[in-house]
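> Just need the structure, nothing else, for what follows:
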Amino acid sequence: MKNILIVEDKEIHRKTLMKLLEGIEDIQVFVAATVEEAYVISMENTIHLFLVDIILNTDVRGDVSGLKFVETIRGIHKYKFSPLIFITSLEDPELYAYKELHCFGYIEKPFNPKEVINMVKLALEFPEKEKKDKNIYLRIILMILFSAIEIQ
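Have a look, this model is predicted:
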């Protein structure tokens, strides 16, 4: 099963995207209306594909909080090259999105259902590299050491 995170401030767009993705097998869809919600979902789950609106706060002139979210996500090792599709009605962020943020593609509003489904299916074909936690937890090691000392 692969996890998809939709980060979109407009409820109608979130619902539309969820409806379009219903027919794709073996996926679980998470939704977030804000960057804060998206961060929490991203940290609590392994996301295999991000669909992110570039403008998440239309009340703020020049808002690009979706881009900032992706910049932060790209700083997390497990998401460095995760497939990402931007959702936007903007035309100019294309170069930055592709070059700097390693964007798989982007979907323009209003949505073309066939384009959304095809792009998501294609992005989900990326092979998933098995990621093992290489961290050693000091607390566990100390517990083992202290247990060994007590036994002697």
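> Could you use CA atoms for every contact and neighbour count after this?
Noted.
> And the helices in the chain?
11-21, 35-44, 65-74, 94-99, 113-124, 138-151 (DSSP state H).
> Count the residues that sit near residue 50.
Residues lying near residue 50 (other Cα atoms under 10 Å) number 27.
> wait, what's in contact with it?
Neighbour list for residue 50: 4, 5, 6, 7, 82, 83, 84, 85 [criterion: Cα atoms under 8 Å, 6 or more residues apart in numbering].
> For it, give its distance to residue 121.
13 Å (Cα to Cα, to the nearest Å).
> How about residue 70?
Taking Cα to Cα, one finds residue 70 at 21 Å from residue 121.
> Run a quick neighbour tally on residue 61.
8.
> Report the buried residues of stretch 47-62.
Residues 47, 48, 49, 50, 51, 52, 53, 54, 55, 56, 57 are the ones in stretch 47-62 that count as buried (16 or more other Cα atoms under 10 Å).
> Quick check: the farthest pair among the residues you listed?
Pairwise distances across the buried residues of stretch 47-62 (Cα to Cα) peak at 24.6 Å, for the pair 48 and 57.
> Looking at residue 70 and residue 121, which has the bigger crowd around it?
residue 70 (22 against 14).
> Mind pulling the model confidence for the residue nearest the centre of the chain?
For the chain, residue 50 is the residue whose C-alpha lies nearest the centre (Cα atoms, centre = their mean; 3.2 Å). Residue 50 is assigned 96 on the pLDDT scale.
> Quick check: the gap between it and residue 6.
6 Å.
> Likewise for residue 77?
20 Å.
> just residue 69 next, same as before
12 Å.
> which of the two has more neighbours?
residue 6 (25 against 20).
> Does the more buried one touch residue 29 like I think?
Yes. Residue 6 lies in contact with residue 29 (Cα atoms under 8 Å); the separation is 7.3 Å.
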